[in-house]
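Visitor: what shape does this take:
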Amino acid sequence: SGGVAYFMPDMTRFAEVAKLKQPTVLGAVPRLYEKIYSAIQEKVKTAPKKRQALFNWAIRVGSEAAEYTMQGLPVPKGKAVKLRIADRLVLSKLRALLGGQVKFMICGAAPISKDIIDFWNAVGIPFYEVYGMTESTGISHMNAPDYVTRKRIDLSAVPDDVWANAREVRISVWMLRLDY
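Guide: Below you'll find the model as predicted:
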């Protein structure tokens, strides 16, 4: 196994490269996701009213289904039938804009709008907010899949030895600091 990473020096070619390379994981700063979301919303605004209604219906159906899938629950039969229709008509086409193979998205470096997170979850691509630093050799914090549903972070599962004090979480990377 393993993977290939692509870095985009010219973001104006993102759509073209995504379709060509078909990424399975998409990691970016919020600005990229904001631009994609805005471009989609702008295209929807200029579409005929019936197409707008179909798009909005499909996103609503996808959002309802995401409430179940993000909690690891099966989508109820009636909603699952609607989801298959919404997927065939709209949602799969939105995933195709990113190459059609994206399994999940990660975003870090700055806050991102909940609307954008909800949108991609509705489209069927789990969206994770992450935090990390060079010093921690990458991602050190990530929201749980059901974070958007719960609308809070549950820290009750954090072991006591992780807490440095009541106001911070200590990240200890043994390979960088053996004397820590």
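Visitor: can I take it that residue 72 is in a strand?
Guide: No: going by DSSP: H, G, I helix; E, B strand; the rest coil, the assignment for residue 72 is coil, not a strand.
Visitor: how many neighbours does it have?
Guide: Neighbours of residue 72 under the rule other C-beta atoms under 10 Å: 8. C-beta here means a position set from N, CA and C on the backbone, and glycine is covered the same way.
Visitor: could you pull out the helices in this protein for me?
Guide: Here the chain has its helices, by DSSP state H, at 14-21, 30-46, 49-69, 77-86, 92-96, 114-123, 147-150.
Visitor: now distance to residue 4 too, for these, in CSV please.
Guide: Listed next are the helices of the chain as CSV, based on distance: least, C-beta to C-beta, whole Å:
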stretch, distance to residue 4
helix 14-21, 8
helix 30-46, 19
helix 49-69, 28
helix 77-86, 31
helix 92-96, 20
helix 114-123, 22
helix 147-150, 29
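Visitor: for residue 3, which of the ones you listed is the nearest?
Guide: Closest to residue 3 of these, according to C-beta to C-beta: helix 14-21, at 11.6 Å.
Visitor: which residue, other than its chain neighbours, is closest to the spatially most central residue of the chain?
Guide: The centroid of the chain falls nearest to residue 127 when counting by C-alpha atoms, centre = their mean (1.5 Å). Excluding the flanking residues, the one nearest residue 127 by C-beta to C-beta, 6 or more residues apart in numbering is residue 120, at 4.3 Å.
Visitor: I'd like to know how many residues surround that neighbour.
Guide: Neighbour tally, residue 120, other C-beta under 10 Å: 24.
Visitor: that one contacts residue 104, doesn't it?
Guide: No: Residue 120 is beyond contact range of residue 104, at 9.1 Å (criterion: C-beta atoms under 8 Å).
Visitor: next one: the strand ranked longest in the chain to chain centre, how far?
Guide: Longest strand of the chain, by residue count under DSSP state E: strand 127-133. Counting by C-alpha atoms, centre = their mean, to the nearest Å, strand 127-133 is centred 10 Å from the centre of its parent chain.
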